[in-house]
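> The sequence isn't on hand, but the structure is:
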């Protein structure tokens, strides 16, 4: 994912160091936009398309779109929002080419000209927004603001090139007025406002277009590393199981979870681990909860933890660590009694194996978050929702939500651990300052227990992949996929965390291409 400066640098390296001319990149961009339009809207020969171009390179992309459509027999109207004399460089080359091909470009230099021609735009069935790209850094006003308002009011589908005009590549907060696109064809790599709220709603569906900038160039750009998790990337993290493998090959997960009234959290976390392929799962829970938890599923083992009037007895930590194998989850539903908090801190201090800390496990550190620190040879993964994150950083939930990316990145770096900040567009932040944004999932997942499933999933994948970053990325992506399948089956309102867990197998098969035979297929 690139910000404005990184996109400029990617262009520069491609042109100056790789030797691909800028005109070729512009030509590729325009043709990729047309390909996306045809894929989405089908045959455009019966359509009237309006292409609104600015005076910069985004407008140049628009001129290529107009030429390509016209050469394919599509009826195209081209409007330059500005003056021809202000168009320079590659954009001017493509503007002049339109003229030599006999395609009229209507110059809209002021509000009066727009009022004269806006009716022509309204008569079109599709609009291409090529006014501004990634270079905008101030709110639009005057003529451009009027154009944007009229386009949005028209209800005509809009395809934006790179970004909906009016958004900034550097922020997920809209600068002001912007195009509300149905589709955005973004060039080379996604940009923050396309995938993070509140701006994302203005971008519509996202298409990432390969315009010829090499992947090595994009990955080599300096600056903050923000990436969108993708289907192909998640699939690459999974390998087929060897036919002669056994349960010991897939990790033993110990889950410390549950308390009176919250035994379901222990069950859901255990189920998340089992459904994600853990070879063995043991759920350690208070002694008076053991029978309840054991009766919820026969597949995981259970272990009784001693308690006293203050919750979990810290004297039982060493016994648990002696039986722990590969990964430990601590926190779902354990409560916040004083003894339980001491138990959590003692275990985190003494554990030598990877830890996934969730829910009440995190709340134990809200008064002293600096104790929550990873160290060499022992990974820590925390999975807060915004309220838990707010308590760890001493902010309000609103402040966390307004700066999710920065807060997750800073906490991960400062505490040498992995942060999975849950919510819409769940984030995975790593100790080396990378941030991954998850596109899967839906509002139906805003129900109790879905986070418990995720904690078990992360632990299970960590036990198999032996890579904390990869485990977080894969678990988060599959968790959202399962949520999407559950919503499709039960609806967002009616779906539960158990529905999500029940669709984890479907998600894995869908991701790996092993098609499931459903009832509608006659299976």
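Sure, I can see it. Values in this document were obtained by computation on a predicted structure and should not be read as measured data.
> Contact partners for the residue lying closest to residue 276 once chain neighbours are set aside?
Closest residue to residue 276 apart from its sequence neighbours, by Cβ to Cβ, 6 or more residues apart in numbering: residue 460 at 3.7 Å. (C-beta placed from N, C-alpha, C; glycine too.) Contacts for residue 460 (Cβ atoms under 8 Å, 6 or more residues apart in numbering) come out as 250, 251, 253, 272, 273, 274, 276, 277, 278, 281, 327, 475.
> repeat for residue 152
Taking Cβ under 8 Å, 6+ apart as the contact definition, residue 152 lies against 179, 180.
> if we can go back for a sec, immediately after the particular helix or strand that has the residue nearest to residue 276 in it, which helix or strand?
Using DSSP states H and E, residue 460 maps to helix 450-465. Once helix 450-465 ends, the next helix or strand along the chain (criterion: DSSP H and E) is helix 468-490.
> Would you mark the buried spots in that following helix?
468-487, 490 (16 or more other Cβ atoms under 10 Å).
> just for the stretch 401-523 of the chain, where's the confidence low?
For the stretch 401-523 of the chain, the stretches with pLDDT under 70 are 515-523.
> 90 instead?
Scanning the stretch 401-523 of the chain for pLDDT under 90 picks out 513-523.
> circling back to that earlier point, which of the contacts of residue 460 sits closest to residue 126?
Nearest to residue 126 among those: residue 475, at 39.7 Å, using Cβ to Cβ.
> hmm, back to that, now intersect the contacts of residue 460 with the strands, please.
The strands, defined by DSSP state E, take in 253, 281, 327 from these.
> Including neighbour count and distance to residue 400, could these go into JSON lines?
What follows is those, written out as JSON lines (neighbours: other Cβ atoms under 10 Å; distance: Cβ to Cβ, whole Å):
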{"residue": "253", "neighbour count": "34", "distance to residue 400": "29"}
{"residue": "281", "neighbour count": "27", "distance to residue 400": "32"}
{"residue": "327", "neighbour count": "29", "distance to residue 400": "27"}
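> can those residues go into TSV with extra columns for pLDDT and distance to residue 206?
Shown next, in TSV, are the ones in strands among the contacts of residue 460 (pLDDT from 0 to 100; distance: Cβ to Cβ, whole Å):
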residue	pLDDT	distance to residue 206
253	97	35
281	98	37
327	97	34
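> I'd like those laid out as JSON lines, including distance to residue 392.
Formatted as JSON lines, these follow (distance: Cβ to Cβ, whole Å):
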{"residue": "253", "distance to residue 392": "24"}
{"residue": "281", "distance to residue 392": "27"}
{"residue": "327", "distance to residue 392": "22"}
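> Compute the inter-axis angle for the helix holding residue 460 and helix 468-490.
130 degrees (axes from the mean of the first three to the mean of the last three Cα atoms, to 10 degrees).
> May I see the buried residues of helix 450-465?
Using 16+ other Cβ under 10 Å as the test for burial, helix 450-465 gives 450-465.
> Quickly name whichever of these is closest to residue 377.
Distance to residue 377, by Cβ to Cβ, is smallest for residue 462 among the buried residues of helix 450-465, at 14.4 Å.
> what's the nearest residue to that closest one if we skip its chain neighbours?
Once flanking residues are discounted, residue 462 sits nearest to residue 471: 3.8 Å by Cβ to Cβ, 6+ apart.
> quick one, what contacts that neighbour?
By Cβ under 8 Å, 6+ apart, the neighbours of residue 471 are 381, 458, 459, 461, 462, 464, 465.
> Residue 178 versus the residue sitting nearest the centre point of the chain, what's the distance?
Centroid check for the chain by Cα atoms, centre = their mean gives residue 438 as the closest residue, at 2.4 Å. As judged by Cβ to Cβ, to the nearest Å, residue 438 and residue 178 stand 24 Å apart.
> Let me see the ranges of the strands in the stretch 101-250 of the chain.
Under the criterion DSSP state E, counting those that start in this stretch, the stretch 101-250 of the chain carries strands at the ranges 105-108, 126-130, 158-161, 183-187, 205-209, 225-228.
> The first one: how far from the chain's middle?
Think strand 105-108. Per Cα atoms, centre = their mean, to the nearest Å, the displacement of strand 105-108 from the mean C-alpha position of its chain is 39 Å.
> before we move on, what about the second one?
The gap between where strand 126-130 is centred and where its chain is centred comes out at 26 Å by Cα atoms, centre = their mean.
> Now that strand: buried residues?
Those would be 126, 127, 128, 129, 130, for strand 126-130 by 16+ other Cβ under 10 Å.
> now the residue nearest to residue 176 when sequence neighbours are not counted: how far from residue 50?
Closest residue to residue 176 apart from its sequence neighbours, by Cβ to Cβ, 6+ apart: residue 139 at 3.2 Å. Distance, residue 139 to residue 50, by Cβ to Cβ: 24 Å.
> who's more crowded, the two?
residue 50 (26 against 14; other Cβ atoms under 10 Å).
> can you tell me the helix or strand for the more buried one?
Per DSSP H and E, the secondary structure element for residue 50 is strand 48-53.
> tell me the mean pLDDT for that strand?
What strand 48-53 shows for mean pLDDT is 98.
> how much distance is there from it to the middle of the chain?
Remark: strand 48-53 is offset 31 Å from the chain centroid, using Cα atoms, centre = their mean.
> Can you list the helices and strands that that strand packs against?
Judged by 3 or more Cβ pairs under 8 Å, 6 or more residues apart in numbering; DSSP states H and E, strand 48-53 is in contact with helix 57-71, strand 75-81, helix 111-122, strand 126-130.
> chain center to the longest one, what's the gap?
Spelled out, that is helix 57-71. Worked out by Cα atoms, centre = their mean, helix 57-71 lies 30 Å from the chain centre.
> That helix vs strand 205-209, what angle?
Using the same axes, to 10 degrees: helix 57-71 against strand 205-209 is 90 degrees.
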